[in-house]
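Student: Give me a 3D structure for the following:
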Amino acid sequence: MQLIHFRRKMMAYRVIGTVIELNCSRYASGYKESLQHTRLMTTSKRVQDRSTKKRVHDLEIVTEKWKIVSKVLFLMEVLKKEAEQIITVRSLDQYRRQVNLPKPHKISDFIRKSPKLFELYKDQKGVLWCGMTKEAEDLVAEEERLLEEHADKAAEHVTRFLMMSIDKRLPLDKIAHFRRDFGLPYDFRTSWVGKYPQHFRVVKSEDELEYLELVSWNPALAVTELEKKANGANGDILPTPGLLSLPFPLKFPPNYKKVYRYGGKIDHFQKRSYLSPYADARGMKAGSREFDKRAVAIMHELLSFTIEKRLVTDHLTHFRWELVMPQKLMRLLLKHFGIFYVSERGKRFSVFLTEAYEGSELIDKCPLVLWKEKVQNLIGYRGRKRRIETFDDLTDMEDTSLFEMDSENENFDAELEQGETIDGLGNGLLADDVEMEIGEICNAYKDNEPS
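Tutor: Numbers count the residues shown, from 1 in each chain. As a prediction, this is how the structure comes out:
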């Protein structure tokens, strides 16, 4: 009897165990499905995790090619500040961080990549010097002329920038980040700001920080670029900016086919009224829909002021307090990817105004952008290593070429800087660390675009 009772208990335990196992299996399966569903519904806030279908390869090309140009322009500015526009290569070593050239790469090798813009020579003591070519000097003179012609427009944009700020003044150090983006001259801190006393003035705070302060409010300037396009030049000018209901131009990636899923939300956002960037934003509740849409309007206006209709995102975040914008600005930029596009190339992200571009080309190019393209066309070198001449006197430079062909068998392997490699293009495109021409960068992106 005891044996029979024991067997019955064992059978019961087995049945209970089977039921528990089945229930656990069902629970685990249900949890897995729930987890998968949750993951599918989660939207990442990181640029790197963005769907590849939301990436615009044409704008990534723009970022990559201008990264190279910006380094060359920086070196040209350094040389321009020198009395004779020449400097020792050893002195240029202090600017490694600005041109993103880590050791053991040589500054001289970086300079040799653009022999149409820079030239090298040695003095009698064997010290290596760097200067600009005649072509580069002509470009510098041309830029000065273009900056002078653009000065009034730049002053208008800076004035409108001040009008959007909450205290109607901005730190000069922060405005300096936008110098090239706004087309401001090199001496904008000193002589340039004094040329427009009717618009702004330099003041010092109690802690000795310099600010650019608005002198007087101009209602004619408190009109957004969207209003100008919608109403034309003869539109009504309101004495006090208020609510706007103008939709933002949208341009989605050509391969993004799921816009219809969000069509209702996009339409609702576009129809929602928002406060003008020039209106007083004190008292707005952070995180509200009105607060976020006003931030979108401010970023749209700022990008419209720039000559290339793009900015480094770090520069935008510097003005979150002054312009009353959200702390998590990147989320807002990524959320409205039909209005803005954030490029992830390089150490710092860039944000584009999508409506201003057709493919990889800026639709409306001002003379300063065309000037930068001239510089871009002179960058890059594929050839044999050239011998650096030694000169007894600097005046010999006028009639002597600084670069002459050396041995036909000696190749110049220009090393590409670390950090400038193009992720996702494949190692084969950068074989032997040879400098890539800008045209090759564009072709490399096109060849690797998903079909």
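Student: now the stretch 151-300 of the chain, which segments are flagged as low pLDDT?
Tutor: 233-239, 257-263 (pLDDT under 70).
Student: Please enumerate the strands of the stretch 301-450 of the chain.
Tutor: Under the criterion DSSP state E, counting those that start in this stretch, the stretch 301-450 of the chain contains strands at 310-312, 340-343, 350-353, 357-358, 361-362, 386-388, 403-405.
Student: Summarise which helices and strands the first one is packed against.
Tutor: For strand 310-312, the elements it packs on are helix 289-305, strand 350-353, judged by 3 or more Cβ pairs under 8 Å, 6 or more residues apart in numbering; DSSP states H and E. For the C-beta atoms, the positions are set from N, CA and C on the backbone; glycine is no exception.
Student: Can you pull the phi/psi pair for residue 96?
Tutor: Torsion angles at residue 96 (phi, psi; degrees, to the nearest 10) stand at phi -60, psi -40.
Student: Can you report how many residues lie near the nearest residue in space to it that is not next to it in sequence?
Tutor: Leaving aside its chain neighbours, residue 96 sits nearest to residue 102 (6.8 Å; criterion: Cβ to Cβ, 6 or more residues apart in numbering). Residue 102: 10 surrounding residues under other Cβ atoms under 10 Å.
Student: Residue 102 touches residue 93, doesn't it?
Tutor: No. The criterion here is Cβ atoms under 8 Å, and residue 102 misses it with residue 93 at 11.7 Å.
Student: just to revisit the earlier point, pick the most deeply packed of the helices and strands packed on strand 310-312.
Tutor: strand 350-353 (a mean of 24; mean count of other Cβ atoms under 10 Å).
Student: re earlier: ok, which of the helices and strands packed on strand 310-312 comes nearest residue 110?
Tutor: strand 350-353 (22.2 Å; Cβ to Cβ).
Student: what sits up against the closest one?
Tutor: Strand 350-353 is contacted from outside by 59, 62-63, 299-300, 303-304, 309-313, 316, 333, 339-343, using Cβ atoms under 8 Å, 6 or more residues apart in numbering.
Student: Please work out the average pLDDT along that strand.
Tutor: For strand 350-353, the mean per-residue pLDDT is 94.
Student: Redo the helices and strands packed on strand 310-312 as JSON lines? Include distance to residue 98.
Tutor: What follows is the helices and strands packed on strand 310-312, written out as JSON lines (distance: least, Cβ to Cβ, whole Å):
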{"stretch": "helix 289-305", "distance to residue 98": "24"}
{"stretch": "strand 350-353", "distance to residue 98": "17"}
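Student: before we move on, back to that, so the residue nearest to residue 96: helix, strand or coil?
Tutor: coil (DSSP: H, G, I helix; E, B strand; the rest coil).
Student: gap between it and residue 133?
Tutor: 27 Å (Cβ to Cβ, to the nearest Å).
Student: What about residue 213, how many residues nearby?
Tutor: 15.
Student: Let me see the contact set for residue 89.
Tutor: 107, 108, 111, 120, 128, 129, 130.
Student: now the contacts of strand 350-353: which count as buried?
Tutor: The neighbour-count test (16 or more other Cβ atoms under 10 Å) marks 59, 62-63, 299-300, 303-304, 309-313, 316, 333, 339-343 as buried among those.
Student: which phi and psi does residue 244 have?
Tutor: phi -120, psi 150.
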